[in-house]
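Engineer: coordinates only, sequence not included:
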């Protein structure tokens, strides 16, 4: 396929999104069909692009010299685009039922679709500037989604969101400038664009800049000490928390950090330096910290958000191991975690719309009325815990393997942290499940009288994701070998 | 053709899950119809028959021919792999016998309405999971079924839905998972250094690896022993056992205490004898700490049982203690001691299952929870109390009972092992513990038959002799007979175990 299709893929959801509030729709159904069609068409385009890989790059716009907006579909980018493309249509479908209960539906879908395009832009960015451009765009375009309910809580949350995002981008910008100044090229290049020999005494400076830049991008991934925004942003409607704050936005942070590590600064320059260990320390701490906070949290969506904080650091852990196996594991966890966490959030959202219950202690006995929802929640909980046969185990296995093979002491501590976090995960996920399935003898059945499973628009995505968790868990071979191929080419 | 291995694993799991689901479906019906009593009998008859069929299939499969089955790749080139070996055969037979007998007992015990399907569902599914665990041919497959075992048995602990039961269930779940994750850590490490995670008698770790990476491998094995020890109620992760076992319905406590805890031991044997080999830890700090922990647990469990007034809790502490007999036998890394340990696996499974089932009779018929309330019970349920006495004598280790054979072998193994002070210390602790066992079990018989003039005597209401409930008595009788048979004609079994032990520990 020609390179131009990449641009079209990005523009399609953006244009379609803009049309949602502009066109005079007669019925709700009409624009819902339009939205779903747009999302599906984009996803089809993405997969078509992946099957007929365009080899070249497409320069959309040139500012000056080597500063340009350029698109290219390479291994990890294609993987990330596929991940996003696989989830978005289902998330849209889910939103149709969810958004019935919310105001300003059309403005919601406007931003929801535009975000799709922007995320694809991140995946297809060919150079540092393009990545930065889409990265910033993503922060700004998702802000209205956090703000959506217009409550005081939402306003405060969106303010926090903005501060963290802009602050992170500012740090990342330092890295961008540095790379543009000292790098041999502005494009991403496997192995990095910096030559240690040409840097001379600025080599130490490079490490400082790398740490700043990595953390700047990782603000989106909610690494400690920048994790506070993510649970707060849980006030947004559930489709946003599920797809953006568990998948698209946060994974973009991890993806950008990966680009910096492997394509810009270069692992050869970084491996074994203090920079690697500082980052690894922070990440390992985040793994345990996120889970502990999740345990303490009684609001279901915020609990899941803290769990996301922890799980995203699994991905970052794989990335900072700086080995092909580590990167494979990190990317695998990016995919598997997306599926698991989106399921858990969708369940929480289904409970929220059907019963208005948002806290853990309100869920007693609900599984009797909403068996499918809670079965899906159970499966996603088991997957997050890492029960073999479900996808969470696979990525955990490879992460641990990568860490142990590296024979680094900090990496071994990381393995221990993974397992501690698995135990904490079991506690915070299973305590919800047990409440829902086994309420005490004296529980009041009238409290859940009106509840029932949601309609097909919600159940279809849930069912699909549950099946996906099993499929990835039982036949992970193709995914892993695909990722191994990509990663071997990078490192 | 080897797909047939999946039969005794898959069928109970599927049927069990369907039963469990259908217990949910009842909540959807607008009107709750009173079920005809015939339904209940039919439900049980079908379940028991199904279970018996699966059990027969599993046992026949495991004792006829060499079978293995490779299924989908779970992770990293490691498939879901089943292989029926000597250890698996042994455990699957024990599980099957206990399961069939307990399922018969359940009929009279569970009277609460609507709870049948929920309980039977879990009970059946758990059987399938355990068969899978026995047949698992590599560490990852074993880990899968080990996790499933924890998850499926948790609803059994929570069955009666009191606040206490639910908290106990959570405690059980989290302790077990903690142990399982410790085991998983070890699996991660072993995967790096062992050639294969497939079980091979004597282990698959190459001697060069064992020497050059001794430090990390020993640490990993130690973490695994502690982790799998959680299930076997070994210090330091034993605390869940006395909480969880007593609150479960008695048939569930019987299988939890009689069978499930043994799988902690099973996993330890798999790791030590089938993956890393005994040479890695023989004479190292790992073995020493392991022996110390198991002996401490033996002593602590017996002491706590001795001073415990609640009957089922006393039995649970007794399990803590008795399981560590087995662990101690294993930790000596000596063929004779391992023979004793394996014999105790069989003997204790039969005996402890029987003890909990008798406790269940007293609990369900008279509501007696404390030992003190049991005085005079022999007047009403003489047959049951006689069975109890046989079990008690078996656990103490009287000759002509199962307990004697195993303890004899344990003691011999300990004395002949070259473990320094532990060679002597072991039998001493076992003896003290046997005395304590007599002290905490026999008073029930004595006061049961001879209540004397104490004020609590006959508190169980009607002093008349009760009609015999054959659903409950039959399994008890079978277990009692088994206890005696295992102790009287142990020859075949002992020689089988000696052969196996010789194979595992060269």
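Structural biologist: On my side now, so go ahead. As the structure is a prediction and not an experimental result, all values here were calculated from the model.

Engineer: For residue 242, list the residues it contacts.
Structural biologist: Unless you meant another one, I'm taking chain A. A:91, A:94, A:341-342, A:345-346, A:349 (CB atoms under 8 Å, 6 or more residues apart in numbering or on different chains). Quick note: C-beta positions are derived from backbone N, CA and C, even for glycine.

Engineer: actually it's chain B I care about, not the one you picked
Structural biologist: B:304, B:313, B:316-317, B:320.

Engineer: next one: residue B:129
Structural biologist: Counted by CB under 8 Å, 6+ apart, residue B:129 has contacts B:9, B:13, B:145, B:148-149, B:152.

Engineer: Would you mind listing what in chain B touches chain A?
Structural biologist: Residues of chain B lying close to chain A by CB under 8 Å from any CB of the partner chain are B:21, B:24, B:27, B:72-76, B:140, B:143-144, B:147-148, B:151, B:154-155, B:158, B:160-163, B:166, B:169-170, B:173-174, B:177-178, B:181-182, B:184-185, B:188-189, B:191-192.

Engineer: What segments of the stretch 1-150 of chain B are strands?
Structural biologist: B:68-75, B:78-83 (DSSP state E, counting those that start in this stretch).

Engineer: what would these look like in a markdown table with mean pLDDT?
Structural biologist: Below are these laid out as a markdown table (pLDDT from 0 to 100):
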| stretch | mean pLDDT |
| --- | --- |
| strand B:68-75 | 87 |
| strand B:78-83 | 92 |
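
Engineer: List the contacts of residue A:331.
Structural biologist: Counted by CB under 8 Å, 6+ apart, residue A:331 has contacts A:76, A:79, A:258, A:315, A:318, A:483, A:486-487.

Engineer: Tell me which of those fall in helices.
Structural biologist: A:76, A:79, A:258, A:315, A:318, A:483, A:486-487 (DSSP state H).

Engineer: returning to that earlier point: tell me which of the contacts of residue A:331 is nearest to chain B?
Structural biologist: Taking CB to the nearest CB as the measure, chain B lies nearest residue A:483 of these, at 12.7 Å.

Engineer: Number of residues surrounding that closest one?
Structural biologist: 24 (other CB atoms under 10 Å in any protein chain shown).

Engineer: Spit out the contact partners of it.
Structural biologist: By CB under 8 Å, 6+ apart, the contact set of residue A:483 is A:79, A:328, A:331-332.

Engineer: Top of these by number of neighbours, please.
Structural biologist: residue A:331 leads the contacts of residue A:483 on contacts (other CB under 10 Å) with 31 neighbours.

Engineer: Look up phi and psi at that one.
Structural biologist: phi -70, psi -40 (degrees, to the nearest 10).

Engineer: Over to residue A:69?
Structural biologist: phi -90, psi 110.

Engineer: can you list the contacts of residue A:483 in a markdown table and add pLDDT?
Structural biologist: Shown next, in a markdown table, are those (pLDDT from 0 to 100):
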| residue | pLDDT |
| --- | --- |
| A:79 | 94 |
| A:328 | 94 |
| A:331 | 94 |
| A:332 | 95 |
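
Engineer: Check these and tell me the two furthest apart.
Structural biologist: A:79 and A:328 (10.6 Å; CB to CB).

Engineer: intersection of neighbour lists for those two?
Structural biologist: In contact with both residue A:79 and residue A:328: A:483, A:486, using CB under 8 Å, 6+ apart.

Engineer: Give me the buried subset of the residues of chain B next to chain A.
Structural biologist: Buried members of those, counted by 16 or more other CB atoms under 10 Å in any protein chain shown: B:24, B:73-75, B:140, B:143-144, B:147-148, B:151, B:154-155, B:158, B:160-161, B:166, B:169-170, B:173-174, B:177-178, B:181-182, B:184-185, B:188-189, B:191-192.

Engineer: Point out the residues in the stretch 301-450 of chain A that sit beside chain B.
Structural biologist: Counting by CB under 8 Å from any CB, the residues of the stretch 301-450 of chain A near chain B are A:367-369, A:371, A:382, A:385-389, A:393-394, A:397-398, A:400-401, A:404-405, A:415-416, A:419-420, A:422-423, A:426-427, A:430-431, A:434, A:437-441.

Engineer: Show me the residues you listed that map onto helices.
Structural biologist: A:371, A:382, A:385, A:393-394, A:397-398, A:400-401, A:404-405, A:415-416, A:419-420, A:422-423, A:426-427, A:430-431, A:434, A:437.

Engineer: Filter those down to the buried ones and express that as a ChimeraX selection.
Structural biologist: To isolate the buried members of those in ChimeraX, using 16+ other CB under 10 Å:
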select /A:371,382,385,393,394,397,398,400,401,404,415,416,419,420,422,423,426,427,430,431,434,437
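
Engineer: Would you mind giving me the confidence score for the residue of chain A most remote from its centre?
Structural biologist: What lies farthest from the middle of chain A is residue A:442; by CA atoms, centre = their mean that is 40.6 Å. Predicted confidence (pLDDT) for residue A:442: 77.

Engineer: Residue B:119: what's it in contact with?
Structural biologist: Going by CB under 8 Å, 6+ apart, residue B:119 touches B:106, B:110, B:156, B:159, B:249, B:252.

Engineer: Cross the residues of chain B next to chain A against helices and list the overlap.
Structural biologist: Those of the residues of chain B next to chain A lying in helices (DSSP H): B:21, B:24, B:27, B:140, B:143-144, B:147-148, B:151, B:154-155, B:163, B:166, B:169-170, B:173-174, B:177-178, B:181-182, B:184-185, B:188-189, B:191-192.

Engineer: Return the helix or strand in chain A with minimum mean pLDDT.
Structural biologist: helix A:196-199 (a mean of 74; mean pLDDT, DSSP states H and E).

Engineer: Which strands and helices lie in contact with the next helix or strand after it?
Structural biologist: Downstream of helix A:196-199, the first helix or strand assigned by DSSP states H and E is helix A:203-218. With contacts defined as 3 or more CB pairs under 8 Å, 6 or more residues apart in numbering or on different chains; DSSP states H and E, helix A:203-218 has these neighbours: helix A:152-182, helix A:196-199, helix A:249-258, helix A:267-270, helix A:274-296.

Engineer: any idea which of those scores lowest on pLDDT?
Structural biologist: helix A:196-199 (a mean of 74).

Engineer: dump the residue contacts of the most centrally placed residue in chain A.
Structural biologist: Nearest to the mean C-alpha position of chain A, by CA atoms, centre = their mean, lies residue A:247 at 2.5 Å. Contact analysis of residue A:247 by CB under 8 Å, 6+ apart lists A:83-84, A:87, A:338, A:341-342.

Engineer: Now with 10 Å, please.
Structural biologist: By CB atoms under 10 Å, 6 or more residues apart in numbering or on different chains, the contact set of residue A:247 is A:83-84, A:87-88, A:91, A:119, A:308, A:334-335, A:337-339, A:341-342, A:345.

Engineer: Look up how far residue A:90 lies from it.
Structural biologist: 11 Å (CB to CB, to the nearest Å).

Engineer: Next, show the common contact partners of the two.
Structural biologist: With CB under 10 Å, 6+ apart as the test, residue A:247 and residue A:90 both reach residue A:342.

Engineer: Leaving out chain neighbours, which residue sits closest to residue B:473?
Structural biologist: Leaving aside its sequence neighbours, residue B:473 sits nearest to residue B:383 (CB to CB, 6 or more residues apart in numbering or on different chains; 5.9 Å).

Engineer: Is it correct that the one you found is in contact with residue B:468?
Structural biologist: Yes. Counting by CB atoms under 10 Å, residue B:383 touches residue B:468, with 6.5 Å between them.
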